[in-house]
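Visitor: I'll drop the sequence and a predicted model, then ask my questions.
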Amino acid sequence: MADPMKIRAKLEGDLLDVRVLMAHPMETGQRKDGAGNLVPAHFIQTITAQLNGKLVFQADTSQAISRNPVFGFKVKGAKAGDKLSITWTDNKGDKRTDEVVVGAG
Amino acid sequence: MTEPFRRTALKRTGALAAAAMAAGLARPGEALADWNKGAFESKTVADALKHLKIAAPADTKDIVIRAPDIAENGAVVPIEIQSNIPGTKSMVVLIEKNPFPYAANFDFAQGAALPFVALRVKMGETSNIRVVVATVDGKFLTAVKEVKVTIGGCGG
């Protein structure tokens, strides 16, 4: 299981400013290791974000996203106590979900 | 790629997309689509757009792409994209000169997420970053921003 994400969700009025850091190598499949062998591609392909179980933001991603990806997005109509949950799935079928409770702004 | 070829390719894409809509294959209202393998494995922007069923996007000034003019490290290039187009449903990010240009697609739930995203991408060399916005009424609009890369971020 991959390391937990770091999720920062800051409430400004009813706007939730989200920043998430995912621990992932994001291997392109084109890089060679020290012995000259190609490192197989290993990267996050889909990301979903749900506010109180409702899908608000979704991404499909390629190996062009930098290592340990950081994404920022903004959710409308949020309030303190809401649950924000983020899930990623990679090309090897590994996945991880983390959840935060929105604090008062 | 020569310009005339690209034009024909785009025209063909348009015809394909129209056919797909008519056949009910493209479902614009649906947010959750499968990871588009064909588009992600495309080696040219034209091919990627064809797989994404994006037809002849029109240039716009209403997509704001914030990225450095010069990136010292191509492995981590921060980008912020904001669409000021009403009814923005999704954003496609293409790095035109990367081996596989299609970098990401972002879907925004209407009324629940602002059409804004921040991300970090790898760039192999100096390239245009192209963003294509799809609207809820099926329009495509596009804008570009060039980023000069001094050290590439692909390969080893």
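Guide: Sure, I can see it.

Visitor: Could you measure from the closest residue to B:Phe140 other than its chain neighbours over to chain A?
Guide: Counting by CB to CB, 6 or more residues apart in numbering or on different chains, B:Phe140 lies nearest to B:Pro57, which is 3.8 Å off, once chain neighbours are set aside. For the C-beta atoms, the positions are set from N, CA and C on the backbone; glycine is no exception. In this view, B:Pro57 and chain A are 18 Å apart by CB to the nearest CB, to the nearest Å.

Visitor: Tally up the residues packed near B:Pro57, please.
Guide: By other CB atoms under 10 Å in any protein chain shown, the residues close to B:Pro57 number 20.

Visitor: residues near the closest residue to chain B within chain A, how many?
Guide: Residue of chain A nearest chain B, by CB to the nearest CB: A:Gly72 (3.2 Å). Counted with other CB under 10 Å, the neighbours of A:Gly72 add up to 16.

Visitor: for the host helix or strand of it, packing partners?
Guide: In this assignment (DSSP states H and E), A:Gly72 forms part of strand A:70-75. When contacts are defined as 3 or more CB pairs under 8 Å, 6 or more residues apart in numbering or on different chains; DSSP states H and E, strand A:70-75 packs onto strand A:15-21, strand A:44-51, strand A:54-61, strand B:116-121.

Visitor: Out of these, which is closest to A:Ala78?
Guide: Nearest to A:Ala78, of all the helices and strands packed on strand A:70-75, is strand A:15-21, at 3.8 Å by CB to CB.

Visitor: need the contact list for the residue of chain A closest to chain B.
Guide: The contact partners of A:Gly72, by CB atoms under 8 Å, 6 or more residues apart in numbering or on different chains, come to A:Asp17, A:Val18, A:Arg19, A:Val20, B:Glu80, B:Phe116, B:Val117, B:Ala118, B:Leu119.

Visitor: quick one: pLDDT of it?
Guide: For A:Gly72, the pLDDT comes out at 98.

Visitor: now B:Thr150
Guide: At B:Thr150, pLDDT is 88.

Visitor: That one reaches B:Ile70, doesn't it?
Guide: Yes - taking contacts as CB atoms under 8 Å, B:Thr150 lies within contact range of B:Ile70: 6.8 Å.

Visitor: what do these two both touch?
Guide: The contact sets of B:Thr150 and B:Ile70 do not overlap (CB under 8 Å, 6+ apart).

Visitor: Next one: the residue of chain B found nearest chain A from A:Phe71, what distance?
Guide: Proximity of chain B to chain A (CB to the nearest CB) peaks at B:Ala118, 3.2 Å away. The spacing between B:Ala118 and A:Phe71, counted by CB to CB, to the nearest Å, is 6 Å.

Visitor: do A:Asn37 as well
Guide: 31 Å.

Visitor: returning to what we had before: B:Ala118 and A:Phe71: which is more packed in?
Guide: A side-by-side neighbour count of B:Ala118 and A:Phe71, using other CB under 10 Å, places A:Phe71 first with 25 against 17.

Visitor: re the thing from before, list the contacts for the residue nearest to B:Phe140?
Guide: B:Pro57 touches B:Leu49, B:Val132, B:Phe140, B:Leu141, B:Thr142, counting by CB under 8 Å, 6+ apart.

Visitor: Pick out the most distant pair among the residues you listed.
Guide: B:Leu49 and B:Leu141 (13.1 Å).

Visitor: Looking at those two, which has the bigger crowd around it?
Guide: A direct count of neighbours by other CB under 10 Å for B:Leu49 and B:Leu141 places B:Leu49 higher, at 27 against 19.

Visitor: so how far is the strand or helix carrying the more buried one from its chain's centroid?
Guide: If you go by DSSP H and E, B:Leu49 is part of helix B:45-51. Here helix B:45-51 is found 9 Å from its chain centre; the criterion is CA atoms, centre = their mean, to the nearest Å.

Visitor: I'd like the average pLDDT over it.
Guide: Rounded mean pLDDT across helix B:45-51 is 96.

Visitor: burial measure for residue 75, as a count.
Guide: Assuming you mean chain A. Residues near A:Val75, counting by other CB under 10 Å: 26.

Visitor: wrong chain, I was asking about chain B
Guide: Residues lying near B:Ala75 (other CB under 10 Å) number 18.
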